[in-house]
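Colleague: everything below, folded, please.
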Amino acid sequence: METSVISRQLSKINERHSQEQSLGSYIANELKFESLLQLLSGANDENRPAIYSSALSVLYTHKEVKNVIKNQFNLYEFNLQCNDRVGILLPNGAEFGLCILATCCYCTCVPMNSSSTIDEIKNDIKVLQIKALVIDTNIVDAEQLKATTLLLKLNRTAETFKLETISDSGAVECRVNKSALNSSEDTCLLLQTSGTTGQKKTVPYKLKTFIISTLCVAFSWRLTPTDCNLNMMPLFHVGGIVRNLFAPLLTGGSVILCEGFDPNVFWDILETTQCPATWYYAAPTIHWAILQTNKCGNFGFKSE
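Modeller: Down below sits the predicted model:
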C-alpha cells in the first residue's frame with residue numbers, strides 16, 4: 001500500500017531522531033521533496049475527506065484537492081509564475097483554505113484580512129507588490145481596486161474550482177500552459193505581522209521552511225490520517241495556516257474550515273453525532289470564550 005511522503009518522513013523521525021538534535025534541524029537535514037503537490041497524501045488516502053464545511057458536509061476529498069491544484073487552478077493562465085505575489089482576499093472558510101494551498105504550490109501566496117478597508121487593501125497591494133488579487137465580489141468592491149492590480153475571482157461549482165479575471169489592469173496575455181511548481185527554495189508565502197507593537201512587518205516563508213514547521217507540528221501532536229481539525233482561526237496568520245490547514249491535510253487527515261469564530265457554533269459542531277473532529281488549535285482568548293458558553297458543561301468542562 002502506498003504511503004505519503006509526509007507519512008514516511010514522520011515514521012523516519014520517530015525511529016531515528018534523538019534528543020541531541022533539535023527536531024527542526026533533524027527534519028531540515030533529512031527532508032527531500034520537489035514540490036508541495038508531491039507532499040499531498042498518497043494513493044491509499046485519496047478518497048478520505050480532506051475539507052469539511054462547518055455544516056460537516058465533505059466539500060473535497062484528498063483526490064479532489066489534488067485535482068484542483070494539478071488540473072484546474074492555473075495561475076500561469078494569467079502570466080503568474082513562481083515568486084510572483086498573489087493576494088487572497090476571501091472570507092474564512094473552505095474556498096479561502098483551498099485557494100491558499102493551491103497558490104502556495106505555484107506562486108507566493110499573500111493571505112489577506114477580508115475585513116480590511118479599501119484604503120488598507122490598496123496600501124497592502126502597493127507595499128507588498130501584489131501582482132494579482134483573488135477577491136470575493138460580495139465583500140469587496142472591485143470597481144475601487146481595478147486600477148491597482150490584476151483582479152481575479154473564483155468560479156466554483158460542484159465540478160470546478162477555477163480563476164477568472166475581473167479586470168485586466170496590466171493587459172496580461174493569458175496563457176494555456178500550466179505554471180511551474182514551486183521548488184523547496186521558492187517563497188511560497190508572505191505574511192504580515194499584526195502591527196500591534198508598531199508598523200507591520202513582512203515575513204516571507206520558503207516552501208521548505210513552511211513544510212519543516214508543518215512536520216514539527218504533525219510529529220509533536222502525533223497527527224494521523226484519522227485526525228480531523230476544527231478550525232475557527234483566521235487563515236491570514238501563520239498559526240492558522242501551519243497548524244490548522246497544512247498539518248491536517250499533509251498528514252492525510254482532514255479539517256473543518258469554519259467561516260469564523262463563534263463559541264456557540266463550536267459546541268454545536270461537536271454535539272453533532274457525525275462530527276469527525278478530534279482536535280483544535282486556537283489562541284488563549286478563543287479558548288476562554290469557548291469555556292464561557294453555557295454549553296461546555298455538556299462535555300464535562302467547567303468555566304470557573
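
Colleague: all strands for the chain, in order.
Modeller: For the chain, the strands identified by DSSP state E occupy 49-52, 58-61, 85-89, 108-111, 132-135, 150-156, 161-167, 187-192, 202-206, 228-231, 254-257, in order along the chain.

Colleague: where among those is the average confidence lowest?
Modeller: The stretch with the lowest mean pLDDT among the strands of the chain is strand 161-167, which comes in at a mean of 86.

Colleague: just the angle for that strand relative to strand 85-89, thanks.
Modeller: Relative orientation of strand 161-167 with respect to strand 85-89: 100 degrees, computed using axes from the mean of the first three to the mean of the last three Cα atoms, to 10 degrees.

Colleague: got the buried residues for strand 161-167?
Modeller: Judged by neighbour count (16 or more other Cβ atoms under 10 Å), strand 161-167 contains these buried residues: 161-163, 166-167. Where you see a C-beta, it was placed from the backbone N, CA and C, and this is true even at glycine.

Colleague: returning to what we had before: can you redo the strands of the chain as CSV with distance to Arg222?
Modeller: Formatted as CSV, the entries for the strands of the chain read as follows, by distance: least, Cβ to Cβ, whole Å:
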stretch, distance to Arg222
strand 49-52, 19
strand 58-61, 23
strand 85-89, 30
strand 108-111, 27
strand 132-135, 34
strand 150-156, 34
strand 161-167, 31
strand 187-192, 25
strand 202-206, 24
strand 228-231, 13
strand 254-257, 16
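
Colleague: how about the buried residues of strand 161-167, which pair is most distant?
Modeller: For the buried residues of strand 161-167, the maximum inter-member distance is 20.8 Å, found between Phe161 and Ser167 (Cβ to Cβ).

Colleague: low-confidence ranges in the stretch 151-300 of the chain?
Modeller: Under the criterion pLDDT under 70, the flagged ranges of the stretch 151-300 of the chain are 167-177, 195-198, 296-300.

Colleague: quick one, helices of it?
Modeller: Listed from the start of the chain, the stretch 151-300 of the chain has helices (DSSP state H, counting those that start in this stretch) covering 207-220, 238-241, 247-250, 263-271, 284-291.

Colleague: quickly compare the ones you listed and say which is most buried.
Modeller: Ranked by mean neighbour count under mean count of other Cβ atoms under 10 Å, the helices of the stretch 151-300 of the chain are led by helix 247-250, which reaches a mean of 26.
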